[in-house]
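Visitor: Curious how this folds, go ahead:
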Amino acid sequence: MLQAGTPSLTGGGLLAIVVTLLLTWAFYAVTLHLAATFFIGETPSQLAAKAAIVPAIVSLLLQSYGVETGIVSPSLGVLVVIVATMLADGIAISFVYRLSTRSTAPLVVLHFAFAAVLGFALNNIFGLI
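Guide: Just a heads-up that it's a prediction; the model follows:
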């Protein structure tokens, strides 16, 4: 366990931020492609990669700067991050896949479900979170 005043394990530098963003983007892209293939049918994976960058950036920014700086209260932090990420996900999916709001909403919920299940499974396998 790190004590107060000691640097984080990654150092918090630019490389750590870039790698975290790339991993989050890849995770969201894979889960979005799975959800879109299940919901829409055959879709190019490039569409998922285009749409996945938006929720990745929003979730990382809110987690890093929203809760830690006090913009979002810690007690509501998780709920705010989830809602804002799902909203950003919906906007990106609607724009990239050219879907109506009525078609976007179930895909966003399905994407959240795929991400939650895969995240839970990876956490059980690797114990990273």
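Visitor: and residue 39, how many neighbours does it have?
Guide: 17 (other C-beta atoms under 10 Å). Any C-beta I mention is one placed from the backbone N, CA and C, and that applies to glycine too.
Visitor: give the contact list for it.
Guide: 106-107, 110 (C-beta atoms under 8 Å, 6 or more residues apart in numbering).
Visitor: What subset of these is buried?
Guide: Buried subset of the contacts of residue 39 (neighbour count, 16 or more other C-beta atoms under 10 Å): 107, 110.
Visitor: Need the contacts of residue 39 in CSV (columns: secondary structure and pLDDT).
Guide: Formatted as CSV, these follow (DSSP: H, G, I helix; E, B strand; the rest coil; pLDDT from 0 to 100):
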residue, secondary structure, pLDDT
106, helix, 94
107, helix, 94
110, helix, 95
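Visitor: Could you list the alpha-carbon positions for stretch 44-58 in PDB?
Guide: C-alpha atoms of stretch 44-58 as PDB (Å, rounded to 0.1, in the frame of the first residue of the first chain):
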ATOM      1  CA  PRO A  44     -17.400  -3.300 -39.700                       C
ATOM      2  CA  SER A  45     -15.200  -3.200 -36.600                       C
ATOM      3  CA  GLN A  46     -13.900   0.200 -37.700                       C
ATOM      4  CA  LEU A  47     -17.200   1.800 -36.700                       C
ATOM      5  CA  ALA A  48     -16.800   0.500 -33.100                       C
ATOM      6  CA  ALA A  49     -13.300   1.900 -33.000                       C
ATOM      7  CA  LYS A  50     -14.500   5.300 -34.100                       C
ATOM      8  CA  ALA A  51     -17.300   5.400 -31.600                       C
ATOM      9  CA  ALA A  52     -15.400   3.900 -28.600                       C
ATOM     10  CA  ILE A  53     -13.000   6.800 -28.200                       C
ATOM     11  CA  VAL A  54     -15.700   9.200 -27.000                       C
ATOM     12  CA  PRO A  55     -16.800   7.100 -23.900                       C
ATOM     13  CA  ALA A  56     -13.200   6.200 -23.200                       C
ATOM     14  CA  ILE A  57     -12.200   9.900 -23.000                       C
ATOM     15  CA  VAL A  58     -15.300  10.900 -21.000                       C
END
